[in-house]
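Undergrad: sequence and computational prediction follow.
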Amino acid sequence: MRIIGGEFGGRRLLAPAGSATRPTADRVREALFNILGPPPAGARVLDLCAGAGTLGLEALSRGAAHATFVDSARAAITALRENIARLDVGPRCQVLQSDVIKAVLRLAKAPAPPFWWIFIDPPYRTDLATLLVNAGATKNLLAADGLVIIEHNRQNPAKLSATALLRTDHRRYGDTELSFYRHAMPSP
């Protein structure tokens with residue numbers, strides 16, 4: 001695993017011990033950030049089910065100002081903290097070892113600017129992406145022009161409620177899919 005582009009391009013990252021965490025493949029991450037382009041000045045990102053932090057760290061490498069990482073697995077948090085130290089980006093990071101639903105609810109109550117990108121990369125065989133996207137708290141954490149990006153298995157896309165965000169793009173890379181969500185445009 002490595003950072004694909006930006007300030008830290010080519011730098012190696014530590015993967016969590018064990019097989020409980022599935023890092024985003026380099027080719028999928030490269031395609032994702034080619035689609036996203038650079039973040040605007042001062043952009044904050046939220047990396048849910050962060051694992052080793054590859055998505056949030058890639059965003060920092062490409063110019064995001066701050067990244068908040070959330071994961072519940074001890075091995076993932078250990079690898080994430082080591083990766084943050086290797087890249088020397090500690091002051092630009094917040095790491096939360098927590099259940100992601102509880103963390104999103106806490107973050108939504110905290111007085112902080114919204115996130116430009118919210119990455120959701122849960123275990124493929126769970127409904128966690130559906131729960132997170134349909135949670136009003138996730139929607140409230142997103143900047144007005146921001147994006148929620150979900151990485152999922154093609155057999156398990158997020159199932160959205162009528163009040164959820166609007167899916168604006170969808171890309172497939174083998175069995176991995178990326179779905180992009182924005183705030184729905186207000187009615188005139």
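TA: Nice, I can see it.

Undergrad: next one: the longest helix seen in the chain to chain centre, how far?
TA: Longest helix of the chain, by residue count under DSSP state H: helix 74-87. Offset of helix 74-87 from its chain centre (C-alpha atoms, centre = their mean, to the nearest Å): 16 Å.

Undergrad: now tell me what touches it from outside.
TA: With C-beta atoms under 8 Å, 6 or more residues apart in numbering as the test, helix 74-87 has contacts from 3, 8, 11-18, 20-21, 50-53, 57, 60-61, 69, 71, 90, 93, 95, 97. C-betas here are computed from N, CA, C, even on glycine.

Undergrad: flag every buried residue along that helix.
TA: A75, A76, I77, A79, L80, R81, N83, I84, L87 (16 or more other C-beta atoms under 10 Å).

Undergrad: where exactly do the helices run in this protein?
TA: Ranges of helices within the chain are 26-36, 54-61, 74-87, 100-109, 128-134, 136-141, based on DSSP H.

Undergrad: just the pLDDT at the residue nearest to the spatial centre of the chain, thanks.
TA: What sits nearest the mean C-alpha location of the chain, by C-alpha atoms, centre = their mean, is F119, with 1.9 Å. Confidence at F119, expressed as pLDDT, is 95.

Undergrad: name the nearest residue to it, ignoring sequence neighbours.
TA: Among residues not flanking F119 along the chain, L55 sits closest, at 4.2 Å (C-beta to C-beta, 6 or more residues apart in numbering).

Undergrad: so that neighbour sits against D47, correct?
TA: Yes - contact criterion C-beta atoms under 8 Å: L55 and D47 qualify, at 5.1 Å.

Undergrad: quick check: neighbours shared by the two?
TA: Between them, L55 and D47 share these contacting residues under C-beta under 8 Å, 6+ apart: F119, D121.

Undergrad: which strand in the chain has the most residues?
TA: As assigned by DSSP state E, the longest strand anywhere in the chain is strand 142-153.

Undergrad: off-centre distance for it?
TA: 8 Å.

Undergrad: how about stretch 108-116?
TA: Worked out by C-alpha atoms, centre = their mean, stretch 108-116 lies 15 Å from the chain centre.

Undergrad: for that stretch, which positions count as buried?
TA: A108, F115, W116.

Undergrad: same question for that stretch, mean pLDDT?
TA: 91.

Undergrad: which helices and strands does the longest strand of the chain pack with?
TA: On a contact count with 3 or more C-beta pairs under 8 Å, 6 or more residues apart in numbering; DSSP states H and E, strand 142-153 meets helix 26-36, strand 115-120, helix 128-134, strand 176-182.

Undergrad: count the residues that sit near the residue nearest to F119.
TA: Counted with other C-beta atoms under 10 Å, residues neighbouring L55 total 29.

Undergrad: ok, the one 3 residues further on next?
TA: Around E58 there are 29 other residues, counting by other C-beta under 10 Å.
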